[in-house]
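Colleague: Give me a model of this one.
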Amino acid sequence: MVSAQNTDHEAIDFSNVEMAGLLKALIYSNNLGAIVKQASQVIGNPIALFSTSYSVLAYAKHYKISDPLWLSSMNRGYWSYELISRINNKPELGPEADEQAYSITDSLTSLRRRVGRLFLNHTHLGFYVVLESNASMDRISEDIYQMVVAILAKAVSVSHSMDKYGYLPDYEHILVDLIARTHHDRAELNIRIRNTTLAQIRQAKVIALDMRHYLTNQTIEPHLKKLIQNKLAFSWSVYYQENLIVLVDEEACLLRNRNCMAEFEAMLRSNSIGAGASDLFLDLFSLADYHCQAVSALKYRRAFKDPRTLVYYNDYKLYETLAQLPMEEAPWRYCSSEVLLMDQYDREQNTEYLVTLYHYIRSSKSLTGAAASLFVHRNTVSYRIRRISELFGVDFADMHMMVQHYVSCLLVLGARQQ
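Modeller: Residues are numbered from 1 along each chain as shown. Presented below is the predicted three-dimensional model:
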């Protein structure tokens, strides 16, 4: 982790022409691009600012730059997936890191990059990137870097405030603010969405797309949002943390195309993208709660190795209830003895009896359904079910115990993910 610290360089000289120009630009200019240009002159290298959803806010245009990753990001208007992936994997830029921490990366191209976050009053406003294309980044003291970053954060905050009450607010910023719960009342939200398509939402749901393993997929990178828009005509999407979050006006979409959700799911399947969906809701102000539902559904899809492309939070509400139990003791205190023995046997013998039991019960005791979920032959499931009965005394005709075993499987499989 790289944290801000004092160096042996000279103290900040506010009489310096470039620094004085930056302060003047902050005070007298409403143009974020002009402020970034002046900041890059202080640093001696080009700077780019990005929103929390990785879209370009402003960048220095007066340098001649040949770096392909930089050029492609500026041309497309958002970070490359390569850079997003690296940033998401940097602990020094994670939610628990110091606000002034930064990362130096030299593995993307031949030029080094300094990447950090923009904060003002402990609110995360976005990211900054300095490209070492013109001069050594080490020639500038850390005090100057932090002063410039603080000025840029202030400039971005002012820019957001202007957008906030403008006639054409950016829906991506609105969605991020809703997810992050930065809106404190509906009146403020209504002002922001008044002249946007978000104001027309009837009945919505949130869908979270798992993008962790697809950030460098060239078939997805340029067109994913357009593909979603083509399938779900009334939808809005924004990158947030490791997921692509899609807000869907399902009622309007279904009125346009009754098969839209099936077509959307087929598109996800063709690109090997898993997704989780929330319940339907009417109040946009409560979007954060339904974002949590969608992300939870996606988490449970991974935890329980659900083979479906798109899973719904409604499918896992039982486990969500069970998850409120103290997980350090839940499996051992609340599970059936048969499932506990099965879990121990699996771990010692490297077998998969417990997960087989789970999918067998979930598929209404269908050998074919369980086989499809486990990606094995039907005969394999048949053999495992017979062995489960022999080894652990499971009576598949006892429906009361089937419920007990199913709940126990949920608890144990969930605990394995902790």
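Colleague: where along the stretch 201-350 of the chain do the strands fall?
Modeller: Secondary structure of the stretch 201-350 of the chain by DSSP state E, counting those that start in this stretch: the strands cover 204-210, 235-240, 243-249, 275-277, 310-312.
Colleague: can you list the ones you listed in TSV and add distance to residue 191?
Modeller: (Each C-beta comes from the backbone N, C-alpha and C, glycine too.) Output for these, formatted as TSV (distance: least, CB to CB, whole Å):
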stretch	distance to residue 191
strand 204-210	20
strand 235-240	18
strand 243-249	19
strand 275-277	29
strand 310-312	33
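Colleague: Going by mean pLDDT, which of the ones you listed comes out lowest?
Modeller: Lowest mean pLDDT within these: strand 235-240, at a mean of 88.
Colleague: picking up where we left off before, got the strands of the stretch 201-350 of the chain as a markdown table, with mean neighbour count and distance to residue 52 columns?
Modeller: Listed next are those as a markdown table, based on neighbours: other CB atoms under 10 Å; distance: least, CB to CB, whole Å:
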| stretch | mean neighbour count | distance to residue 52 |
| --- | --- | --- |
| strand 204-210 | 25 | 16 |
| strand 235-240 | 22 | 7 |
| strand 243-249 | 24 | 12 |
| strand 275-277 | 25 | 21 |
| strand 310-312 | 21 | 26 |
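Colleague: what's the closest of these to residue 302?
Modeller: Nearest to residue 302 among the strands of the stretch 201-350 of the chain is strand 204-210; the distance by CB to CB comes to 7.6 Å.
Colleague: ok, residues contacting the closest one?
Modeller: Contact partners of strand 204-210, identified using CB atoms under 8 Å, 6 or more residues apart in numbering, comprise 242-250, 268, 273-282, 284, 287, 290-291, 293-295, 297-298, 301-302, 310.
Colleague: Quick check: residue 401 is in a helix.
Modeller: Yes: under DSSP: H, G, I helix; E, B strand; the rest coil, residue 401 falls within a helix.
Colleague: pretty sure it is in contact with residue 395, am I right?
Modeller: Yes: between residue 401 and residue 395 there is a contact under CB atoms under 8 Å: 6.1 Å.
Colleague: Of those two, which one has the most company?
Modeller: residue 401 (15 against 12; other CB atoms under 10 Å).
Colleague: domains for the chain, by residue range?
Modeller: The chain breaks down by automatic domain parsing into domains covering 17-159, 171-313, 325-416.
Colleague: now do the same end-to-end measure for the shortest one.
Modeller: Read that as domain 325-416. 15 Å (CA to CA, to the nearest Å).
Colleague: can you give me the helices for the stretch 101-250 of the chain?
Modeller: In the stretch 101-250 of the chain, the helices defined using DSSP state H, counting those that start in this stretch lie at 142-164, 171-179, 186-193, 224-231, 250-256.
Colleague: Contact partners for residue 151?
Modeller: Residues in contact with residue 151 (CB under 8 Å, 6+ apart) are 22-23, 26, 35, 39.
Colleague: what about residue 416, how many neighbours?
Modeller: Quick note: residue 416 (other CB under 10 Å) scores 15 neighbours.
Colleague: how far away is the nearest residue to it once chain neighbours are set aside from residue 104?
Modeller: Leaving aside its sequence neighbours, residue 416 sits nearest to residue 303 (CB to CB, 6 or more residues apart in numbering; 7.7 Å). To residue 104, residue 303 is 35 Å away according to CB to CB, to the nearest Å.
Colleague: Residue 140 too?
Modeller: 13 Å.
Colleague: More neighbours: the two, which one.
Modeller: Taking other CB under 10 Å, residue 140 and residue 104 do not tie; residue 140 has more neighbours (19 against 15).
Colleague: From what I see, the more buried one and residue 43 are in contact.
Modeller: Yes: counting by CB under 8 Å, residue 140 touches residue 43, with 5.8 Å between them.
Colleague: picking up where we left off before, quick one, which of the strands of the stretch 201-350 of the chain is nearest to residue 178?
Modeller: Of the strands of the stretch 201-350 of the chain, the one closest to residue 178 (CB to CB) turns out to be strand 243-249, at 8.7 Å.
Colleague: Least reliable of the helices of the stretch 101-250 of the chain by average pLDDT, please.
Modeller: helix 186-193 (a mean of 77).
Colleague: Kindly export that helix (C-alpha atoms) in CSV.
Modeller: Extracted in CSV, the C-alpha atoms of helix 186-193 (Å, rounded to 0.1, in the frame of the first residue of the first chain):
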residue,chain,number,x,y,z
ARG,A,186,-37.0,12.6,-2.2
ALA,A,187,-37.3,16.3,-3.1
GLU,A,188,-33.6,16.5,-4.0
LEU,A,189,-33.9,13.3,-6.1
ASN,A,190,-37.0,14.6,-7.9
ILE,A,191,-35.1,17.7,-8.9
ARG,A,192,-32.3,15.7,-10.4
ILE,A,193,-34.5,13.3,-12.4
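Colleague: Just the buried residues of that helix, please?
Modeller: 189, 192-193 (16 or more other CB atoms under 10 Å).
Colleague: so how far is that helix off the chain centroid?
Modeller: Relative to its chain's centre, helix 186-193 lies at 24 Å (CA atoms, centre = their mean, to the nearest Å).
Colleague: elements contacting it?
Modeller: helix 171-179 (3 or more CB pairs under 8 Å, 6 or more residues apart in numbering; DSSP states H and E).
Colleague: just checking, what packs against the helix it packs on?
Modeller: Helix 171-179 sits against strand 47-51, helix 186-193, strand 235-240, strand 243-249, helix 287-303, with contacts defined as 3+ CB pairs under 8 Å, 6+ apart.
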